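**Q** Give me a model of this one.
(one chain, ligands or ions: 2)
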Amino acid sequence: MMDLVLPDKVHDESRQGEALVLEQPVTGKNNGRKLYIESYGCAMNFSDSEIVASILAEQGFETTGDHNMADVIFINTCSIRENAETRVRNRLKEFAITKVKNPGLVVGVLGCMAERLKSKFLEEEKLVDVVVGPDAYRDLPNLIDQVDSGQKAVNVLLSREETYADISPVRLNSNGINAFVSIMRGCDNMCSFCVVPFTRGRERSRDPQSIVAECTDLFDKGYREVTLLGQNVDSYKWKKSSESGVLSSELEAQTDQKVSSTGPNLGVADAPVTNFANLLEMVALINPDLRVRFSTSHPKDITDEVLYTIAKYDNICNYIHLPVQSGNTRILDLMNRTYDRDWYINRIDAIRRIIGDCAISTDVITGFCTETDEEHADTVSMMDYVKYDFAYMFKYSERPGTLAAKRYADDIPEEVKQKRLTEIVAKQQEYSYYRAQARIGKIEKVLIEGFSKKSKNDYCGRSDQNAMVIFPVADNYKPGQYVNVLIERTTTATLIGQVIPQTP
Ligand code: 5AD
Ligand code: SF4
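**A** Residues are numbered from 1 along each chain as shown. Ligands and ions are numbered 1, 2, ... in the order given. Next comes the predicted model:
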């Protein structure tokens, strides 16, 4: 499986399998046991690992970056494509060797693969002691106790309410500048190729006050960028009850039904609703020096109101990840994406009209069931139309239990999938370069994140449009600060330049 990975933290291929360690251990609590936690998949999974570490830190666990030193190894897994699962299986083989050396070691599988395979995991992988789905992390202390008493443990219950809103995540491997903040969980879209609705359950939004409180706390601690995370951020919705304070999105759905069948229920109908545009605004207002990013948007749901909010606030970054999946209407219909080619183009035009200078990235799947060469050509022509700044491209991988697996044959030969993928990867390289080149001579406001990967003589940071920018280190600026960088040259997707003095 080949996918082009471009500089976007939300889809950072270089972080796959990263061991996550806590910079500062939680003081005052120590049970003498060490947790090693490794994450795969999307940013939501990395963010979940921070919740898991927080729950276990409360129990007195310390984190370690060396699995040979661990008393508990957790692997937070992804099921999105077959190769994501293969990676995890291979990693478990390595942990089996560690377990031979340390028989008391607890090995746990968390996340999407745990949810998909449930107790089958225990049968298939003998070294696994505990299997925990994404909504059951509060139960981890009990589950570990169960394993300590000699049993295997499983909790894969999905919840309609759990948002972990009250758990303040510890920040793992943090640079102290950027943080992910989960604003909702689950997904109610039934894209026919996708396993997520089965592994992460129903969509539910988190109380906006808890989101704003978390982001404010991050800003006070010196963080300067938050990325609001959800499978479909545009369907974020929270209704506050006038009497009791808060109402979960689950209760809200029931109340909506009541309103329509029995006439207006004034208590609730009057209650203010927070949608994604409102939430963005609330977070942007925390401080103009706090950059706000978000992922992932859905073409069906992204509203002009959201676009106007992005345009209104300088600190909401001009960058939208808007997965197209296919440029062909028949394939989009088979994928159950609930928009067609024209609708998607209309949303792109709206972004260009309302925000103007906004970077756009996408996800594309090649070789979906029955896709013809002509239909694939529509995806290529969509790329020509949008000229995406970045793209994540994948061959279709049939996932057990999905609508597509049930309804359609995975009938496109591997070589054809690969040929189409190679073609669009080459096309995207051209457009990434084209977009990067267009920045030459421009001044980019960059939030410095740290040293560049290649040299301690250079800093790196991101532009508002999410491009990676490299420039020389100097004494008068440091990580966490904003600088203006004049772009002089580029690679395919990285901008290179010099800091220029701040204009008053
Ligand atoms: N096969 C290939 N790619 C997939 N994606 C999701 N499910 C599959 C699948 N079964 C891709 C989509 C999605 C991204 C996160 O992963 O492009 O937007
Ligand atoms: Fe994230 Fe989806 Fe992978 Fe789960 S299956 S970790 S939701 S990308």
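
**Q** Return the residues of the stretch 101-250 of the chain in contact with ligand 1.
**A** F193, C194 (CB under 6 Å from any ligand atom). (C-beta placed from N, C-alpha, C; glycine too.)

**Q** out of everything not next to it in sequence, what's closest to the residue of the stretch 101-250 of the chain found nearest ligand 1?
**A** The nearest approach of the stretch 101-250 of the chain to ligand 1 comes at F193, 4.1 Å away (CB to the nearest ligand atom). With CB to CB, 6 or more residues apart in numbering as the criterion, F193 has its nearest non-adjacent residue at 5.0 Å, and that residue is A404.

**Q** which residues are in contact with the host helix or strand of the one you found?
**A** Under the criterion of DSSP states H and E, A404 resides in helix 403-407. Applying CB atoms under 8 Å, 6 or more residues apart in numbering, the external contacts of helix 403-407 come out as M190, S192, F193, L334, M335, N336, F368, C369, E398, R399, D410.

**Q** Ramachandran coordinates for the residue of the chain found nearest ligand 2?
**A** Ligand 2 sits closest to G41 of the chain, with a gap of 2.8 Å, by CB to the nearest ligand atom. Main-chain torsions, G41, degrees, to the nearest 10: phi 90, psi -150.

**Q** what does P134 give?
**A** phi -60, psi -20.

**Q** same deal with N275?
**A** Main-chain dihedrals, N275, degrees, to the nearest 10: phi -100, psi -180.

**Q** How many neighbouring residues does it have?
**A** For N275, the tally of surrounding residues (other CB atoms under 10 Å) stands at 19.

**Q** which non-adjacent residue is nearest it?
**A** Of all residues not flanking N275 in the chain, K237 sits nearest, at 5.8 Å (CB to CB, 6+ apart).

**Q** so that neighbour touches A277, yeah?
**A** No. Using CB atoms under 8 Å, K237 is not in contact with A277, being 11.0 Å away.

**Q** Can you report phi and psi for Q465?
**A** Residue torsions, per degrees, to the nearest 10, at Q465 are phi -80, psi 10.

**Q** Kindly apply the preceding question to I365 instead.
**A** Torsion angles, degrees, to the nearest 10, at I365: phi -110, psi 130.

**Q** check contacts around it.
**A** I365 neighbours (CB under 8 Å, 6+ apart): F193, Q325, S326, M335, M393, F394, K395, Y396.

**Q** Bridged to it, which residues?
**A** Note on I365: beta-bridge partners F394, judged by DSSP bridges.

**Q** How much space separates it from T490?
**A** For I365, the distance to T490 (CB to CB, to the nearest Å) stands at 28 Å.

**Q** cool, and Y388?
**A** For Y388 relative to T490 (CB to CB), the value is 16 Å.

**Q** So for the two, which residue has more residues nearby?
**A** Each of Y388 and T490 has its neighbours counted (other CB under 10 Å); Y388 has more, 25 against 21.

**Q** Would you confirm that that one contacts E430?
**A** No. Taking contacts as CB under 8 Å, Y388 lies outside contact range of E430: 10.6 Å.

**Q** Need the phi and psi values for the residue nearest to N275.
**A** According to degrees, to the nearest 10, K237 has phi -160, psi 130.

**Q** pLDDT score assigned to it?
**A** The model reports K237 with a pLDDT of 97.

**Q** ok, how many other residues are close to it?
**A** K237 has 18 nearby residues by other CB under 10 Å.

**Q** Got the phi and psi for the closest residue to V499 other than its chain neighbours?
**A** Take V499 and drop its neighbours on the chain: the residue closest to it by CB to CB, 6+ apart is V483, 4.7 Å away. Dihedral angles of V483 (phi, psi; degrees, to the nearest 10) stand at phi -130, psi 160.

**Q** what bridges to V483?
**A** V446.

**Q** list the contacts for it?
**A** By CB under 8 Å, 6+ apart, the neighbours of V483 are K445, V446, I448, G461, F471, Y477, V499, Q502.

**Q** switch to 7 Å and redo it
**A** V446, I448, Y477, V499 (CB atoms under 7 Å, 6 or more residues apart in numbering).

**Q** Give me the distance between the third one and Q498.
**A** Here Y477 is placed at a distance of 12 Å from Q498 (CB to CB).

**Q** more neighbours, those two?
**A** Taking other CB under 10 Å, Y477 and Q498 do not tie; Y477 has more neighbours (17 against 13).

**Q** Which residue, other than its chain neighbours, is closest to that one?
**A** Once flanking residues are discounted, Y477 sits nearest to V483: 5.1 Å by CB to CB, 6+ apart.

**Q** Look up how far M69 lies from the one you found.
**A** Taken as CB to CB, the span from V483 to M69 is 39 Å.

**Q** what does S54 give?
**A** Distance from S54 to M69, by CB to CB: 20 Å.

**Q** for E371, same thing?
**A** Remark: distance between E371 and M69 (CB to CB) = 48 Å.

**Q** Report whether stretch 65-78 contacts ligand 1.
**A** No. Stretch 65-78 lies out of reach of ligand 1 by CB under 6 Å from any ligand atom, never closer than 9.5 Å.

**Q** For that stretch, output the C-alpha coordinates as PDB.
**A** Provided in PDB are the C-alpha atoms of stretch 65-78 (Å, rounded to 0.1, in the frame of the first residue of the first chain):
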ATOM      1  CA  GLY A  65       9.500   4.800  26.000                       C
ATOM      2  CA  ASP A  66      11.200   1.400  26.200                       C
ATOM      3  CA  HIS A  67       8.800  -1.600  26.100                       C
ATOM      4  CA  ASN A  68      11.500  -3.800  27.700                       C
ATOM      5  CA  MET A  69      11.100  -1.700  30.900                       C
ATOM      6  CA  ALA A  70       7.300  -1.900  30.900                       C
ATOM      7  CA  ASP A  71       4.900  -3.700  33.200                       C
ATOM      8  CA  VAL A  72       2.000  -2.900  30.900                       C
ATOM      9  CA  ILE A  73       2.300  -2.600  27.100                       C
ATOM     10  CA  PHE A  74      -0.700  -1.100  25.300                       C
ATOM     11  CA  ILE A  75      -1.000  -0.900  21.600                       C
ATOM     12  CA  ASN A  76      -3.600   1.500  20.400                       C
ATOM     13  CA  THR A  77      -4.700   0.100  17.000                       C
ATOM     14  CA  CYS A  78      -6.200   1.200  13.700                       C
END
